[in-house]
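1. predicted model follows, preceded by the sequence.
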Amino acid sequence: MAWEKRGGAHLYYTLSKRREGRVVRQYVGGGDVGEAAAAADQERRATRAAEREAMRLALRRHAEVDRQVAVFCEAAETAARALLLLGGYQRHDRGAWRRRRG
Amino acid sequence: MKRADAGDRAALPAVREIFETVPGIWSSHGDLATIAQDSIVDLLAGKSVLTREGLRKKLAAMRAELAGPDASPLERLLVERIVACWLLSYQADLAHARSLRRPSLRESEHHQRRQDRAARQYLYGLRNLALVRRLLTPAVQLNVAERQINIAGGDVRVGSRG
C-alpha cells in the first residue's frame, strides 16, 4: 500500500496483498486511478481502525459489567452463607448444607 | 465468616452482630445490585429510552414473580442476584450474536467464555434461592395456644408466640 516511483518522475500506486502465505505487491496505476485506489485504501484502513477501537471499548465495558456482577454475586453469596450458618446449618468442604448437630 | 464457614461456632456471635447491628447492610447489598443491573441496562439500551423502559418493566415483573408476596430480605437479595445474572446472560448472548456479522476467532472465543460464565452464574443463583427457601423458610407454621411451631427443612422448632 504505497506510492512507488518508476520510469523517472512518475508515481504509481501499489497494493501489498498476502497470497498463499507470501506478500505479493500488486501494481494499480498512476494519476487518477492511483489516487482513487489510495483513497479507497485509506478508507478501508480507517474503517478497520475504527472497528478495532470499537471492539477494544466493548471489551472494556464487558469487563466492567462482569466485574460489577461478580462483586454483587459474591456479596449475596456471603450473606446467604452467613444466614445459613446462623440458621444452624453448615457444610463440610463445599459439600451439601446440613443441620449442625447439638 | 471464614471461621464460621469452617465450623467454628465461636465465630457465630460476630456474624450475628454484623447482620443485626450494621445499619443499612441490606441496602448496601441492594446498591451493589442496582449498580450492576443499571450498567447492563445501559449497555443494552444505549440511547433508546424505549428499550430501557421495556427492560425495567421486564425486570420488575421478574422480581415480583421470583420473590412472591412475603420474601425475606435475604430472598429479595437473592432474587436481585438472579435478575442481575439473567441480564448479564442476555447481554452476553446478544453481544455474541451481533459479533457474528464480523466473524473473528478471538472475538468469538471471548463472547463464548462470557456466555458460559453468565449462564453458570444464573443457574447457580436459582439453585441458591431454592436452597435458602428450602432450609430457612418455615414451610408450615402452626399456632397452638401460646406456642408457635415452625417446620422448615425437615426440622421442627417450637417457640413462644409474640
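-> Received, thanks.

2. regarding chain B, what is its longest helix?
-> The helix that spans the most residues within chain B, counting by DSSP state H, is helix B:105-136.

3. pull out the buried positions in that one.
-> For helix B:105-136, the neighbour count (16 or more other CB atoms under 10 Å in any protein chain shown) marks B:107, B:110-111, B:114-115, B:117-119, B:121-122, B:125-126, B:128-129, B:131-133, B:135-136 as buried. All C-beta spots, glycine's among them, are computed from the backbone N, C-alpha and C.

4. for chain B, what are the nearby residues on chain A?
-> A:51, A:55, A:58-59, A:61-62, A:64-66, A:68-69, A:71-73, A:75-87, A:89-90, A:92, A:97, A:99-100 (CB under 8 Å from any CB of the partner chain).

5. now, those residues that are in helices?
-> Among these, the members found in helices (DSSP H) are A:51, A:55, A:58-59, A:61-62, A:64-66, A:68-69, A:71-73, A:75-86.

6. list the contacts of the closest residue to A:Arg91 other than its chain neighbours.
-> The shortest distance from A:Arg91 to any residue other than its chain neighbours is 4.7 Å, reached at A:Trp97 (CB to CB, 6 or more residues apart in numbering or on different chains). Contacts for A:Trp97 were tallied using CB atoms under 8 Å, 6 or more residues apart in numbering or on different chains; they are A:Leu84, A:Tyr89, A:Gln90, A:Arg91, B:Leu131, B:Leu135.

7. try it again at 6 Å.
-> For A:Trp97, the contacting residues are A:Leu84, A:Tyr89, A:Arg91, by CB atoms under 6 Å, 6 or more residues apart in numbering or on different chains.

8. got a winner among those residues for most neighbours?
-> A:Leu84 (21 neighbours; other CB atoms under 10 Å in any protein chain shown).

9. ok, that one to A:Gly29 distance?
-> A:Leu84 is 76 Å from A:Gly29, where distance means CB to CB, to the nearest Å.

10. show me which of the ones in helices among the residues of chain A next to chain B are buried.
-> Buried, going by 16+ other CB under 10 Å: A:55, A:58, A:61-62, A:65-66, A:68-69, A:72-73, A:75-76, A:79-86, out of those.

11. next, give phi and psi for the nearest residue to A:Arg6 once chain neighbours are set aside.
-> Closest residue to A:Arg6 apart from its sequence neighbours, by CB to CB, 6+ apart: A:Tyr12 at 5.5 Å. Main-chain torsions, A:Tyr12, degrees, to the nearest 10: phi -130, psi 140.

12. return the set of buried residues in whichever strand or helix holds B:Asp38.
-> According to DSSP states H and E, B:Asp38 maps onto helix B:25-45. For helix B:25-45, the neighbour count (16+ other CB under 10 Å) marks B:His29, B:Gly30, B:Leu32, B:Ala33, B:Ala36, B:Gln37, B:Ser39, B:Ile40, B:Val41, B:Leu43, B:Leu44, B:Ala45 as buried.
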